[in-house]
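# A predicted structure for the sequence below; I have some questions about it.
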Amino acid sequence: MTTLDAPLFRDSEADRRFRAGWWTRRVLIYAALATWAFICLFPIYWTVTTSFKMAPNVMQGDMVPFVDYQPSWLGWRSLGLSPDTFGAESTPRAEFLKRFLNSTVVSLASSALAVLLGSMAAYGLSRFSYRWAWMRNGDIGFFFLSQLILPPVVLALPFLVLYKELALLDTRIGLILLYTLTVLPIVIWIMRDQFAGIPTELEEAAMVDGLGTWGAFLTIILPIALPGMVAAFILSLVLTWNEYFFAALLTSTRANTLPVMVASQTGSQGINWWSMAALSTGAILPLVVVGVLLERFIIQGMAAGAVK
C-alpha cells in the first residue's frame, strides 16, 4: 500500500472503546424499553384475545388467534354486544350500557371538578404566602398529600354512615363528591409544580397592562398551564374510572359502575373468563382512546413540571 492509499485519519483505541460502549448502552436501553413495553401491553393483549375465546381455548392457554384457535363471539354474545345480537333486545347489554354511563358521568364530573378546585388551590399555594398558627404553604401542601396515606378501608364506615344520613347512598352525586376528594390531592400536587414553573413576571406585566388577578390567571397563566391540567385530568379520570372499593360499598343498583360489574362475573360456578375479558375490553377501550387523543398534552404536562 502506497502512502496515497493509506487513510488520513484513524480511530484511536479510545474512540473505538467509546463507540462500542455507546452502542452497548443503546442496545441495553432499547432492550429494557422493549421488555417494559411487553410487560405493560401483554395484559391488554391477553384480555382482548381472551374475549374471543371459548372455554377449551382458555383452559389450554391458547394465545394467538387464527393460529392456536378460531375466534368466537361467545364472550361478547353473553353481554349482548356481538354482531348477531345487536338487533334484538338484551338485558345484559342494557345493564352494561347503564354501568358504562354511570362510570362515564361519575369519572368525567369528578375529574373536572377536581381539576377546577385543585388548580385554584395550587395557584394560591404557588403565588401567595399563607400563615395559620404554625402552618405555612409547605405544611398545607403536605396536609393535602397526606390524605393519600390513608387506606380506603379506614374511610369506609364514616362515609357509609354519612351518606346514609345525607341520602347519598347509591347516587351518582355521592360518588362524584367522594371521587373528587380522593383525587384532589394528586391534582394539587401536579398543578402546584406547573404554576411554580411559570415566571411571576408574566402576571406582573399583565397587571401593568390593566388586567386583574383573575384576568391574568385566565388569559396568561391558564393557557400556559393547560397541558398540566390535561395531564392531571387524565390521571384523575383513570383513577376514578377504575375505582372499585367505594363503588361497591356505596352503590347497589342505580349507580353501580363498570368495575363492580366486572367483579360480579365471578361466582360459585367459577369465572367466565371470556365474558369477563369482553367486559374488561369494553372498560379499557375508552381510556385507550382518550390517552391516544390527548397524548401530546400528557407528555407536555409531565415534562413541564420537570423543566425549571
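That came through fine.
# use CA for all of it now, contacts and neighbours both
Fine.
# assign a three-state SS to residue 71, would you?
coil (DSSP: H, G, I helix; E, B strand; the rest coil).
# that one contacts residue 58, doesn't it?
No - using C-alpha atoms under 8 Å as the test, residue 71 is too far from residue 58 to be in contact (11.6 Å).
# grab the nearest non-local neighbour of residue 252.
Spatially, and ignoring its direct neighbours in sequence, residue 252 is nearest to residue 170 (5.8 Å; C-alpha to C-alpha, 6 or more residues apart in numbering).
# check the gap between that neighbour and residue 101 for me.
According to C-alpha to C-alpha, to the nearest Å, residue 170 and residue 101 sit 14 Å apart.
# higher neighbour count, those two?
residue 170 (20 against 16; other C-alpha atoms under 10 Å).
# so the more buried one is in contact with residue 249, correct?
No - the pair residue 170 / residue 249 is not scored as a contact, 9.1 Å apart, by C-alpha under 8 Å.
# what about the helices in the stretch 51-200 of the chain?
55-60, 74-78, 91-127, 137-146, 152-165, 172-196, 200-208 (DSSP state H, counting those that start in this stretch).
# other SSEs contacting the second one?
In terms of contacts (3 or more C-alpha pairs under 8 Å, 6 or more residues apart in numbering; DSSP states H and E), helix 74-78 is packed against helix 273-293.
# buried residues in the helix it packs on, which are they?
273-284, 287, 291 (16 or more other C-alpha atoms under 10 Å).
# check stretch 132-143 too.
Quick answer for stretch 132-143 (16+ other C-alpha under 10 Å): 137, 141.
# average pLDDT for that stretch?
Averaging pLDDT along stretch 132-143 yields 74.
# distance-wise, check the spatially most central residue of the chain relative to residue 130.
Centre of the chain computed as the mean C-alpha position; nearest residue by C-alpha atoms, centre = their mean is residue 238, 3.0 Å away. For residue 238, the distance to residue 130 (C-alpha to C-alpha) stands at 32 Å.
# ok, now residue 152?
30 Å.
# please, where are all the strands along the stretch 201-308 of the chain?
266-267, 270-271 (DSSP state E, counting those that start in this stretch).
# lowest-confidence stretch among these?
Among the strands of the stretch 201-308 of the chain, strand 266-267 scores lowest, at a mean of 69.
# tell me how this protein divides into domains.
13-83, 93-304 (automatic domain parsing).
# out of the ones you listed, deepest packed?
Most buried of the domains of the chain, by mean neighbour count (mean count of other C-alpha atoms under 10 Å): domain 93-304, with a mean of 17.
# so, low pLDDT: which residues of this structure?
Counting by pLDDT under 70, the chain has low-confidence residues at 1-11, 267-269, 297-308.
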